[in-house]
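Colleague: structure, please.
(one chain, ligands or ions: 1)
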Amino acid sequence: MIDARFWRAAFAAGLLVLTAAPGPAAAQAGAAQAGVAKPDPTPPVPTFTRSLASFAKSNPAPKCFDRRTEPYTGVSDAHFHPRPFGGQAIEPTTLFQYFDKAGVRFVTYMGIGQSLDMKSDCTYYLNCPGVKALPSIKNDFVNGQEMKVYPHDNVHITLSMTFVDLAHPEGAVETIKLYDREFPGMFAWMGEANVMKQALLGNGFEPPTFESIDRWAPFMKVLEQRGIPLTVHADLGNDAEPTKFVPLMQHVLKTYPNNKIVWAHMGLSKELTKMNPKLHVAIMRKALDTYPNLMLDISWDVIYNAYYQYGQDFIDLFNAYPTRILNGSDFVAAGDKPFEQYWKELEITSRVNRRLNDEAFRQIALGENYFRLLNLDYVAPPVCQAGR
Ligand SMILES: [Zn+2]
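Modeller: Just a heads-up that it's a prediction; the model follows:
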């Protein structure tokens, strides 16, 4: 664990530059956020008429997207875990049906970031503190194999490498080479990897230090050369100390400004649900302004359910930075979860889309940011304008 001296040193070194002091307006915003109301029920599943092929750049006549009649849920899911921590996963062909039914045409298959000790029968890390949950190649290899074997004509899957241990990055380049041999050209993303995930501290998770972050350089070079994004889970802090871990992410961004980095959940978590949204948004704006290759992923229903229900501060942020935001569900495909659960999580993480302006809607909900990040041969349709 990082000790108190580390944090004092980080503060003394001025590394908390991202932290903004809440002003008088922030006090008002706090009231808006206090006591998050029960979310509205999940609406029924609409009919999705747009196929994967319709998004191809080669489509000669893309139909404009009518926001009044077509669904607002994201066509891309940039944060999806097809296998659980332990136990059985949903069958691949069943998962493809989920995507089809939910109108998701693009998805990033992430390993879970860590696998539970094979000697244990535990299937969810929070149920078994003390059982180690460590980064592993297991999930990734199964994902790679399944993607190859099972046909999926109506969904474009991007495979992500999740093996990297950010506190012990030695050997990461060699493991990437192993993936190159076993799955040539198939893995185009890395993550979700953990910079700080407080929920995992009871299961042997060790966060990187500044020094170990510096030692990511060899594998970060490979990612940069290949244009591979890295999604990191990096908690900002917790309710007692909302900006406690900001220096870690700050150090990552400062050290690797040329890498495409995706900050999962905008740094929020179950441990941080009472932070003032104005302060949160100020930290995000500062990071986006300083690091042009940074993107934010707005996945995880916790943000909506426990934090802020995508209030006006978020709408303003996303409209101001339309090209920097990725939709995602953070669904974990444990074997007992029905389609309705995926729909619920996708819908709730997409609710913000309804209130975005047309430009942000096209970039975020219609997948343009996802296509550009991965350099895909797909393009988002234009949004229909009134009278056209
Ligand atoms: Zn995740």
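Colleague: quick one: mean pLDDT over the longest helix anywhere in the chain.
Modeller: Assignment by DSSP state H gives helix 277-290 as the longest helix of the chain. For helix 277-290, mean pLDDT is 96.
Colleague: show me what that helix is packed against.
Modeller: When contacts are defined as 3 or more C-beta pairs under 8 Å, 6 or more residues apart in numbering; DSSP states H and E, helix 277-290 packs onto helix 24-33, helix 246-255, strand 294-297, helix 312-320. The way it works is simple: take the backbone N, C-alpha and C, and place the C-beta from them, glycine included.
Colleague: next, the angle from that helix to helix 312-320.
Modeller: Compare the direction of helix 277-290 with that of helix 312-320 by axes from the mean of the first three to the mean of the last three C-alpha atoms, to 10 degrees and you get 20 degrees.
Colleague: can you give me the helices for this protein?
Modeller: Counting by DSSP H, the helices of the chain are 4-12, 24-33, 92-102, 138-149, 172-182, 210-214, 217-226, 246-255, 277-290, 301-302, 312-320, 339-350, 358-364, 368-374.
Colleague: looking at these, which is closest to residue 382?
Modeller: With C-beta to C-beta as the criterion, residue 382 lies closest to helix 358-364 of those, at 7.1 Å.
Colleague: not counting sequence-adjacent ones, nearest residue to residue 96?
Modeller: Spatial nearest neighbour of residue 96, excluding adjacent residues (C-beta to C-beta, 6 or more residues apart in numbering): residue 152 at 4.7 Å.
Colleague: distance of the one you found from the ion?
Modeller: 21 Å (C-beta to the ion, to the nearest Å).
Colleague: then residue 126?
Modeller: Going from residue 126 to the ion by C-beta to the ion gives 14 Å.
Colleague: which residues touch that residue?
Modeller: Applying C-beta atoms under 8 Å, 6 or more residues apart in numbering to residue 126 gives the contacts 199, 202.
Colleague: now do the contacts for the closest residue to residue 267 other than its chain neighbours.
Modeller: Sequence neighbours aside, residue 236 is the residue nearest to residue 267 in space, at 3.8 Å (criterion: C-beta to C-beta, 6+ apart). Applying C-beta under 8 Å, 6+ apart to residue 236 gives the contacts 242-246, 249, 267-268, 272, 275, 280, 283.
Colleague: model confidence for residue 236, exactly?
Modeller: We note a pLDDT of 94 for residue 236 in this prediction.
Colleague: ok, now residue 22?
Modeller: Residue 22 is assigned 40 on the pLDDT scale.
Colleague: burial check on residue 68, number of neighbours?
Modeller: 6 (other C-beta atoms under 10 Å).
Colleague: apologies, that question was intended for residue 218.
Modeller: Neighbour count for residue 218, taken as other C-beta under 10 Å: 14.
Colleague: same deal with residue 106?
Modeller: Quick note: residue 106 (other C-beta under 10 Å) scores 23 neighbours.
Colleague: so how far is residue 329 from it?
Modeller: As judged by C-beta to C-beta, to the nearest Å, residue 106 and residue 329 stand 12 Å apart.
Colleague: go on, residue 316?
Modeller: To residue 329, residue 316 is 23 Å away according to C-beta to C-beta.
Colleague: for those two, work out which one has more neighbours and name it.
Modeller: Neighbours were counted for residue 316 and for residue 329 using other C-beta under 10 Å; residue 329 has more, 27 against 12.
Colleague: I figured that one hits residue 299, correct?
Modeller: Yes: in this structure residue 329 lies within contact range of residue 299 using C-beta atoms under 8 Å: 5.9 Å.
Colleague: identify the contacts common to the two.
Modeller: What both residue 329 and residue 299 touch, as defined by C-beta under 8 Å, 6+ apart, is the set 79, 349.
Colleague: got the phi/psi numbers for the residue nearest to residue 267?
Modeller: Per-residue torsions, residue 236: phi -70, psi -40 (degrees, to the nearest 10).
Colleague: okay, now the unreliable bits of the chain?
Modeller: For the chain, applying pLDDT under 70 flags the ranges 1-36, 113-116, 387-388.
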